[in-house]
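> sequence and predicted model, in that order:
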Amino acid sequence: MKKSTETIGNLIDNQSVSFISSIDEAGYPNTKAMLAPVKREGIKTFYWHTNSPSRRIAQYRKNPKACIYFCDNRFFRGVMLKGTMEVIEDINIKKEIWKDEFLMYYQGGMDGGDFIILKFTAENGRYYSNFRSEDFEIIS
């Protein structure tokens, strides 16, 4: 695929929903729909906000292996990225990510609520388009 980072980045940026997967206590994958990431760095690093008591937080703390997926239904194409998910409680990163509109999700705000950040770091992926799939490695 030519310009893979640009092509995949554009696909991701045009989606309002993303899917994240974790591994449960019995070793089975668990997938959840989320809003789009609030920040991305290329196609290697992604950030989401979520509630700290969520099931995913406990699962990622126990096993950081993760998978994320973005799907463009209109053109029937998508990208899966595999890597690790880190639970971030660093106040500086929280300040960078925080927006006042998040108050609707976190009544106590950035400091007094259950606002927490998930940071995904991709290692490799698989892109699907035009009835073909292509595996790729993520280069820093």
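Sure, I can see it. Model, not experiment: these values are computed from the prediction.
> quick one: the helix or strand of the chain with the lowest mean pLDDT to chain centroid distance?
Of all helical and strand segments in the chain, the minimum by mean pLDDT, DSSP states H and E falls on helix 109-112, at a mean of 84. Centroid separation for helix 109-112 versus its chain: 22 Å, with C-alpha atoms, centre = their mean, to the nearest Å.
> mind listing what's buried along that helix?
By 16 or more other C-beta atoms under 10 Å, the buried positions in helix 109-112 come out as residue 110. Quick note: C-beta positions are derived from backbone N, CA and C, even for glycine.
> please renumber the chain so that the first residue is 25 from this point on.
OK, 25 is where the count begins now, so the last one is helix 133-136.
> hey, where'd the strands end up in this structure?
For the chain, applying DSSP state E gives strands covering 41-47, 53-59, 63-65, 69-75, 89-96, 101-112, 139-153, 156-161.
> show me where the chain dips below the pLDDT cut-off.
25-26, 164 (pLDDT under 70).
> same for the longest helix anywhere in the chain, what does it pack against?
Assignment by DSSP state H gives helix 28-37 as the longest helix of the chain. Applying 3 or more C-beta pairs under 8 Å, 6 or more residues apart in numbering; DSSP states H and E, one finds that helix 28-37 contacts strand 63-65, strand 89-96, strand 101-112, strand 139-153.
> these: which one's closest to residue 34?
Nearest to residue 34 among the helices and strands packed on helix 28-37 is strand 89-96; the distance by C-beta to C-beta comes to 9.5 Å.
> buried residues, the closest one. List them.
For strand 89-96, by 16+ other C-beta under 10 Å, it's 90, 91, 92, 93, 94, 95, 96.
> tell me what the last one is bridged to.
This means residue 96. residue 101 (DSSP bridges).
> can you list the helices and strands packed on helix 28-37 in CSV and add distance to residue 56?
Converted to CSV, those look like this (distance: least, C-beta to C-beta, whole Å):
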stretch, distance to residue 56
strand 63-65, 18
strand 89-96, 10
strand 101-112, 12
strand 139-153, 11
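> for residue 122, find the nearest of these.
Per C-beta to C-beta, nearest to residue 122 of these: strand 139-153, 7.3 Å.
> mind checking how far that closest one is from the chain centre?
Distance, centroid of strand 139-153 to centroid of chain: 5 Å (C-alpha atoms, centre = their mean).
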